[in-house]
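1. Just the structure for this:
(one chain, ligands or ions: 2)
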Amino acid sequence: MSVLVFDLDGTLVSSMEDLVATLNAVMTAAGHAEIPKEDVANMVGMGARVLLQRGLDFNKVSWTEHDIEPLYRDFLEHYSANIAVHTRPFEGVVAALEAFRNDGWKLAVCTNKAEKLTLTLLDALDLARHFDAVVGGDTFPSSKPQAEPLLGAIRRAGGEVEGSIMVGDSETDIKAARNAGIPVIAVDFGYTPVPVHELDPDVVISHFDELPAAVAGLAKAQRSAMA
Ligand SMILES: O=C(O)COP(=O)(O)O
Ligand SMILES: [Mg+2]
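-> Ligands and ions are numbered 1, 2, ... in the order given. Below you'll find the model as predicted:
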């Protein structure tokens, strides 16, 4: 069984508004300036602790690990309560997930968002029912771009590495896929400081409607490579 493994933020869901609102609530409560949305879009993808660190760097505030924990607790509290105010699946996501499932694919999420937040968000958007496995940034000892969480997602979904494909929006997803030895499809509407096509994914798509053809192309290439 092959698994399609999806990143969450910037891939399955448009979550920037709610991430910005929480980050800025935490920043201002701590006496720091708000950060513009366009800049926050370049800071997402390595989990909330790194988002806070990048936010402090952006505001030229020096910090140590010790400073991050109380901010992280505030972040979790505010974000858990406001996780799906504006966040929605990108257009075509639900139809694509249903179509792949009907075609016999297993589906998984592999995100650097904390597992608990991920499950809360997937439930709030009624997306959880589509997935055979959900892996967050703290599910395994390491997170993307390491291969471990991606391979763990494939295993937990009951699938095999061979034939599985990653779908993501950023460098961490592409590197995790390379580290795991599986192909990667990049969406070009997500959150990344570098345009995804410069990061050398196998395929770039601009809408979920393009995903079935991209997956079919990669599956065909894999079959002929094996023949
Ligand atoms: O940075 C995060 O919190 C998560 O980002 P991801 O879903 O794109 O892995
Ligand atoms: Mg992402």
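
2. per-domain residue ranges of the protein.
-> The domain map for the chain lists 2-14+88-226, 16-81, with the assignment taken from automatic domain parsing.

3. need these in JSON lines with distance to ligand 1 and mean neighbour count, can you?
-> Where C-beta positions appear, they are placed from N, C-alpha and C, glycine not excepted. Shown next, in JSON lines, are the domains of the chain (distance: least, Cβ to the nearest ligand atom, whole Å; neighbours: other Cβ atoms under 10 Å):
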{"stretch": "domain 2-14+88-226", "distance to ligand 1": "3", "mean neighbour count": "19"}
{"stretch": "domain 16-81", "distance to ligand 1": "5", "mean neighbour count": "17"}
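
4. can you list those in CSV and add mean pLDDT?
-> What follows is the domains of the chain, written out as CSV (pLDDT from 0 to 100):
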stretch, mean pLDDT
domain 2-14+88-226, 97
domain 16-81, 96
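
5. Same list (these) but as a markdown table, adding distance to ligand 2.
-> Shown next, in a markdown table, are the domains of the chain (distance: least, Cβ to the ion, whole Å):
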| stretch | distance to ligand 2 |
| --- | --- |
| domain 2-14+88-226 | 4 |
| domain 16-81 | 5 |
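
6. mind checking how far the residue lying closest to residue 11 once chain neighbours are set aside is from residue 205?
-> Spatial nearest neighbour of residue 11, chain neighbours left out: residue 169 (4.6 Å); criterion: Cβ to Cβ, 6 or more residues apart in numbering. With distances taken as Cβ to Cβ, to the nearest Å, residue 169 is found 11 Å from residue 205.

7. Also residue 5?
-> Distance from residue 5 to residue 205, counting by Cβ to Cβ: 15 Å.

8. next one: residue 103
-> 17 Å.

9. What strands flank the longest strand seen in the chain, and is each parallel or antiparallel?
-> What stands out as the longest strand in the chain, according to DSSP state E, is strand 160-168. Partners of strand 160-168 in the sheet, by DSSP bridges, are strand 2-6 (parallel), strand 184-187 (parallel).

10. Show me the strands in the protein, by range?
-> Going by DSSP E, the chain shows strands at 2-6, 13-14, 88-89, 106-110, 133-135, 160-168, 184-187, 203-205.

11. Report the distance from the second one to the chain centre.
-> Here the centre of mass of C-alpha atoms in strand 13-14, compared against the chain's by Cα atoms, centre = their mean, to the nearest Å, lies 9 Å away.

12. now the fifth one
-> Relative to the chain's own centre, strand 133-135 is displaced by 11 Å; criterion: Cα atoms, centre = their mean.

13. Check which helices and strands it is in contact with.
-> Using 3 or more Cβ pairs under 8 Å, 6 or more residues apart in numbering; DSSP states H and E, the elements in contact with strand 133-135 are strand 106-110, helix 115-124, helix 148-156.

14. Need these in TSV (columns: distance to residue 34).
-> Formatted as TSV, the helices and strands packed on strand 133-135 follow (distance: least, Cβ to Cβ, whole Å):
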stretch	distance to residue 34
strand 106-110	30
helix 115-124	22
helix 148-156	32
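
15. quick one, which of these is nearest to residue 61?
-> Closest to residue 61 of those, according to Cβ to Cβ: helix 115-124, at 24.1 Å.
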